[in-house]
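**Q** Okay, structure incoming, though there's no sequence with it:
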């Protein structure tokens, strides 16, 4: 069993009038580490992840579709779902009381969020919102095993977009700190 904190950021192009920030989230799940020899290992995981983000978008003129210079609307949304990383790792240092590991691999995300209200609210101001039900990220990190605990620090970089907000493709990227 493992749990952790996610420190996400949203990537986007500010030319579309989008201002966004992500708040810390959490994840909880389980993993299994299978060593192949003394140093190489395979570590599949499954975790439930939750995170919130806030964003401001410029209101579009309903008649001609142009962005209004001074009219913005604020929204809050959450990103939640099941993540399934499949990591390959290498034990760099093997001491009697602690191990140091490096790992990397793909992470598959299945979204469980409901965005019907947010989609409707965005359409009311002339903007669109779309959420992907499935995503893929690349994960790389470092871990320390001491006694019966494992502490991991990893960075996730998305290969697919999580959201389209006001015509702007956005995605979560960020750090995860977890303890098992």
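**A** That came through fine. Note that this is a predicted model, so its numbers are computed, not measured.
**Q** what stretches of this protein score poorly on pLDDT?
**A** For the chain, the stretches with pLDDT under 70 are 10-20, 22, 58-71, 114, 125-127, 165-168.
**Q** contacting residues around the residue nearest to residue 98 when sequence neighbours are not counted?
**A** Distance criterion CB to CB, 6 or more residues apart in numbering; nearest residue to residue 98, sequence neighbours excluded, is residue 146 at 4.4 Å. Yep, even glycine has a C-beta here, placed from its N, CA and C like the rest. Residues in contact with residue 146 (CB atoms under 8 Å, 6 or more residues apart in numbering) are 97-99.
**Q** TSV for the residues you listed, including neighbour count, distance to residue 77 and secondary structure?
**A** Putting the contacts of residue 146 into TSV (neighbours: other CB atoms under 10 Å; distance: CB to CB, whole Å; DSSP: H, G, I helix; E, B strand; the rest coil) gives the following:
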residue	neighbour count	distance to residue 77	secondary structure
97	7	44	coil
98	12	40	strand
99	16	39	strand
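**Q** Please dump the residues you listed into a markdown table; it should also carry distance to residue 87 for every row.
**A** Listed next are these as a markdown table, based on distance: CB to CB, whole Å:
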| residue | distance to residue 87 |
| --- | --- |
| 97 | 23 |
| 98 | 19 |
| 99 | 15 |
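**Q** Which member of those residues is positioned nearest residue 55?
**A** Among these, residue 99 lies closest to residue 55 (CB to CB), at 40.7 Å.
**Q** what kind of secondary structure is the nearest residue to the closest one once chain neighbours are set aside in?
**A** Excluding its sequence neighbours, the residue lying closest to residue 99 (CB to CB, 6+ apart) is residue 145, at 4.1 Å. Three-state assignment for residue 145 (DSSP: H, G, I helix; E, B strand; the rest coil): strand.
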